[in-house]
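>>> Task: produce atomic coordinates for the following.
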Amino acid sequence: MRAVVQRVASANVTVDGKLISEIGKGLLIFHGVAHEDTSADLDYLTNKVANLRVFEDDDGKMNLSLLEIGGEALVVSQFTLYGDCRKGRRPSFIDAAPPEEAEALYQEFIQALSNTGISVKAGIFQAMMDVKLVNDGPVTILLDSSKLF
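Residues are numbered from 1 along each chain as shown. So this is what the prediction gives:
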């Protein structure tokens, strides 16, 4: 399971010009699922995102987590996080989970993150979405439950 986590001042998702979800200060999380991902991957990513210390404390150091600042999360499904571009010019997505498996783990991730006490909003699985954000920092972190990076 992978995530691209961006610290944001605000973010929103629209589909066909209709606002679907929006958050204020918090994290925009692009979420991808591999075909071999399990509940252990889900637990790892949930814990990492909820407790990732990327918000500044009173001294200006990144010491605070989303939980500690009471921030929000916007989770957007993105199978392209498993795009493999090592050969050729077109990405291969063979490592990405099939939609039925990916959607189940995507929904479980949203619920698990919400269960930590974080206010969680989401995009629409498999929809063509417009995502707008005001990146705060910018701060962008890559997470992988297989710990490849």
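>>> where do the strands sit along the protein?
Under the criterion DSSP state E, strands of the chain are mapped to 2-15, 18-23, 26-32, 55-56, 62-64, 72-77, 119-122, 130-144.
>>> partners of the second one in the sheet?
Think strand 18-23. Each strand paired with strand 18-23, and its direction, by DSSP bridges: strand 2-15 (antiparallel).
>>> chain center to the strand it pairs with: distance?
Relative to the centre of its chain, strand 2-15 is centred 7 Å away, using C-alpha atoms, centre = their mean, to the nearest Å.
>>> buried residues in that strand?
2-8, 10-14 (16 or more other C-beta atoms under 10 Å). Every C-beta, even on glycine, is put in place using the N, C-alpha and C of the backbone.
>>> go on, stretch 118-131?
118, 120-123, 125, 129, 131.
>>> what's the answer for stretch 74-94, then?
For stretch 74-94, by 16+ other C-beta under 10 Å, it's 74-79, 81-82.
>>> Show me which helix runs longest in this protein.
helix 99-115 (DSSP state H).
>>> Between strand 72-77 and it, find me the angle.
170 degrees (axes from the mean of the first three to the mean of the last three C-alpha atoms, to 10 degrees).
>>> what packs against helix 99-115?
strand 26-32, helix 39-51, strand 72-77, strand 119-122 (3 or more C-beta pairs under 8 Å, 6 or more residues apart in numbering; DSSP states H and E).
>>> now what about the last one, what contacts it?
Strand 119-122 is contacted from outside by 13, 21-23, 26, 72-76, 110, 113-114, using C-beta atoms under 8 Å, 6 or more residues apart in numbering.
>>> in its sheet, what does that strand sit against?
By DSSP bridges, strand 119-122 pairs with strand 72-77 (parallel).
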